[in-house]
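# Take this sequence and fold it.
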Amino acid sequence: MRPHLAALAGLSCALLSACSEGSSDDTDRVRAGQRVYAKECAACHGAQGEGGGPMSLHLDVVPPDLAGLKQRNDGYFPREFVSRFVVGQLAKDDPASPMPDFSAVGLRHVYPNGGADGEVLETDFANLLDYLEAIQW
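Coordinates of the predicted model:
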């Protein structure tokens, strides 16, 4: 009986180790996304995604509450929609909207000297989406 318990304990440790490694990667991606958000989005959308950042006072429209996307979509975070909107692949309701097309302007606050493109930006955008998904209430 003891060899079975030892094997079970070993398997449990291995599985828990694998889970913690995955969650560490997830945490790293969310933190990286939080850094992108803080530099590119928080001025308009607020520090916590609530839609009332300091630059919003200078806009003709109120930036949406990004932390409530999941609640407004029946408990589903619309990741693909948000991704396509951020990179300008969806038509905006208001063509004069102050929301930048990040595929055109890049992450100019994250990379003020330029130099980031392709895979780096794709990773940054994916991390940003991970962060936005993590802050949903």
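# rest of the way, CA atoms for contacts and neighbours
Noted.
# which secondary element of the chain has the worst mean pLDDT?
Every helix and strand of the chain was ranked by mean pLDDT, DSSP states H and E. The lowest is helix 2-40, at a mean of 68.
# Please pull up the helix or strand immediately following that one.
helix 42-45 (DSSP states H and E).
# quick one: that next one to chain centroid distance?
For helix 42-45, the separation from the chain centroid amounts to 14 Å (computed by CA atoms, centre = their mean, to the nearest Å).
# any idea of the mean pLDDT in that helix?
Averaging pLDDT along helix 42-45 yields 97.
# Identify all contacting residues around it.
Outside helix 42-45, the residues that touch it by CA atoms under 8 Å, 6 or more residues apart in numbering are 48-49, 51-56, 63-66.
# neighbour-wise, which of those residues leads?
Neighbour tally across the contacts of helix 42-45 (other CA atoms under 10 Å): the maximum, 24 neighbours, falls on Gly49.
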